[in-house]
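> A structural model of the following input is requested.
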Amino acid sequence: MKHSIAVIVVALAVAFSSPCYAQNQQKPATLRSILMHELVTTHNKADWFVPIDVAVDGLTAEQANWQPKGDLHSAGQLTYHLLFWNRRALQQLKGEKQEKFSGNNDETFTNFDDKQWSDTVKQLDEVMTDLEKLVQSADDKKLAEIAPTIANICTHNAYHVGQIVYVRKLQGSWNPEKGVK
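Now for the predicted structure:
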């Protein structure tokens with residue numbers, strides 16, 4: 001019995017130390033790698049779901065302004081809402097002064113202006129890129145401090161990106177080849 005176990009242990013050790021096995025293994029996840037993964041998959045890298053840049057890609061200002069019946073926001077309002085909160089969180093994380101805010105979350109949707117649609121999309125992309133840079137450059141202490149906020153940003157983004165895709169599906173402006181049938 002001892003001999004059989006020893007043979008199995010040696011066989012496993014040889015198998016797992018082979019170059020083929022080692023090449024297929026990923027480095028252990030770190031707090032930074034997990035946060036970066038969450039940021040880029042909600043920003044511009046499709047993975048399990050559609051990221052922001054895919055959700056708004058090809059959407060005209062007129063389409064962005066279209067609002068479904070009922071109590072649903074337009075794709076533009078949802079995008080503006082993400083820009084508002086992501087920018088505000090970035091300012092907070094960087095210790096910068098934030099714009100005055102009444103505290104009324106409805107304003108973060110209703111202040112959308114379709115005349116500024118392309119600028120809204122561009123600014124959201126820039127804010128997401130800046131959040132990624134912040135996570136990449138933060139020292140370990142700062143990273144641990146900002147991790148809960150970054151995680152919440154990513155969850156919030158994924159939630160509202162799903163709504164953008166849903167609104168586009170209702171509108172008929174969604175291309176299912178982009179990742180959601």
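> now the residue nearest to the spatial centre of the chain: how far from Val54?
By C-alpha atoms, centre = their mean, the chain has its centre lying nearest to Thr42, at 1.9 Å. In this structure, Thr42 and Val54 are 11 Å apart, going by C-beta to C-beta, to the nearest Å. Just so you know, the C-beta spots here come from the backbone N, C-alpha and C atoms, and that holds for glycine as well.
> low-confidence ranges, the chain, go.
Counting by pLDDT under 70, the chain has low-confidence residues at 1-25.
> ok so, going back, got the contact list for the residue nearest to the centre of the chain?
Contacts for Thr42 were tallied using C-beta atoms under 8 Å, 6 or more residues apart in numbering; they are 51-52, 128, 153-154, 157-158, 161.
> recalculate using a threshold of 7 Å.
When contacts are counted by C-beta atoms under 7 Å, 6 or more residues apart in numbering, Thr42 is found next to 51-52, 154, 157-158, 161.
> ok, Ile153 next?
Contacts of Ile153 were listed using C-beta under 7 Å, 6+ apart, and they are 86, 89, 131.
> just give me how far stretch 66-81 sits from the chain centre.
Relative to its parent chain, stretch 66-81 has a centroid offset of 19 Å by C-alpha atoms, centre = their mean, to the nearest Å.
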